[in-house]
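*Asks:* below is the sequence, then the predicted model.
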Amino acid sequence: MFAAENGLKGDPRLKAISDAITVVPHFPKPGIMFQDITTLVSNHKVFKHTVEIFVDRYRDMDISVVAGVEARGFMFAPSIALGIGAKFIPLRKPGKLPGEVISEAYELEYGKDRLEMHIGAVKPGERALVIDDLVATGGTLSAAIRLLERNGAEVVECACVIGLPELKERRFLNGKPLYVLVEPREL
């Protein structure tokens, strides 16, 4: 579900969020229109608006875990976790977490990768929210859902700042609701 379809239609914060994202053509490889959110997070007002929209949505959903997907999901997830009174857990690329981990493989538009999480980071029955900056194919978020569920968490929803317009018809990911603030910017 896109935020504009969920009571935020015409909200000037959504336009400000969209306008704060920079498009970098042909990165990390030819044909990719990279949505650079560093310009969004460096604008304190727009970054605050982004976090506020998510916090307002999740404040009363009894979420105890906010899982941020490396690396750009880390920019939003800790602030959202603080805002709703939940713990933050990082879902990292291989070899970045010390100690025992479990992992889940996934495919990207331009390759393959894995996510890892500490064993015991979530407890059975905890309600989790997955945060990333962008959803394209849904592969990363699907891996995050599987990782959390393998440890017994109940994934309540996945949320991203940016989502491809073709996702409007796909409101679920692995059976979990998907919430998106804005569509990608074009040049």
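*Replies:* Arrived safely. Numbers count the residues shown, from 1 in each chain.
*Asks:* what mean pLDDT does stretch 116-125 have?
*Replies:* For stretch 116-125, mean pLDDT rounds to 96.
*Asks:* buried ones in that stretch, by neighbour count?
*Replies:* For stretch 116-125, burial by neighbour count (16 or more other Cβ atoms under 10 Å) applies to 116, 117, 118, 121, 122. The C-beta positions use only the backbone N, C-alpha and C, and glycine is treated the same way.
*Asks:* helices of this structure, start to end?
*Replies:* Counting by DSSP state H, the segments of the chain that form helices are 12-19, 38-41, 44-58, 77-84, 139-150.
*Asks:* what angle separates the fourth one from helix 44-58?
*Replies:* Using axes from the mean of the first three to the mean of the last three Cα atoms, to 10 degrees, one finds that helix 77-84 and helix 44-58 are set 60 degrees apart in direction.
*Asks:* tell me the mean pLDDT for helix 77-84?
*Replies:* For helix 77-84, mean pLDDT rounds to 98.
*Asks:* which elements pack onto it?
*Replies:* Helix 77-84 sits against helix 44-58, strand 65-69, strand 87-91, strand 127-135, with contacts defined as 3 or more Cβ pairs under 8 Å, 6 or more residues apart in numbering; DSSP states H and E.
*Asks:* same check, this time on the shortest one
*Replies:* Contacts defined by 3+ Cβ pairs under 8 Å, 6+ apart place helix 38-41 against helix 44-58.
*Asks:* sorry, back to before: with respect to residue 178, which of the helices of the chain lies nearest?
*Replies:* helix 139-150 (7.5 Å; Cβ to Cβ).
*Asks:* which of the helices and strands in this protein ranks last by mean pLDDT?
*Replies:* Every helix and strand of the chain was ranked by mean pLDDT, DSSP states H and E. The lowest is strand 172-173, at a mean of 76.
*Asks:* please name the strands paired to that one in the sheet, noting orientation.
*Replies:* Strand 172-173 has the following sheet partners, assigned by DSSP bridges: strand 176-182 (antiparallel).
*Asks:* got the angle between the strand it pairs with and strand 127-135?
*Replies:* Using the same axes, to 10 degrees: strand 176-182 against strand 127-135 is 40 degrees.
*Asks:* show residues contacting strand 176-182.
*Replies:* Under the contact criterion Cβ atoms under 8 Å, 6 or more residues apart in numbering, strand 176-182 has outside partners 1-3, 6, 14, 17-18, 21, 50, 53, 57, 135, 138, 141, 145, 155-163, 167, 170-172.
*Asks:* by how many degrees do that strand and helix 12-19 diverge?
*Replies:* 80 degrees.
*Asks:* list buried residues within the contacts of strand 176-182.
*Replies:* Of the contacts of strand 176-182, these count as buried by 16+ other Cβ under 10 Å: 1-3, 14, 17-18, 21, 50, 53, 57, 135, 138, 141, 145, 155-163, 167.
*Asks:* show me the contacts for the residue most central in space within the chain.
*Replies:* The centroid of the chain falls nearest to residue 132 when counting by Cα atoms, centre = their mean (1.9 Å). Neighbour list for residue 132: 68, 69, 72, 73, 140, 141, 144, 158, 159, 160 [criterion: Cβ under 8 Å, 6+ apart].
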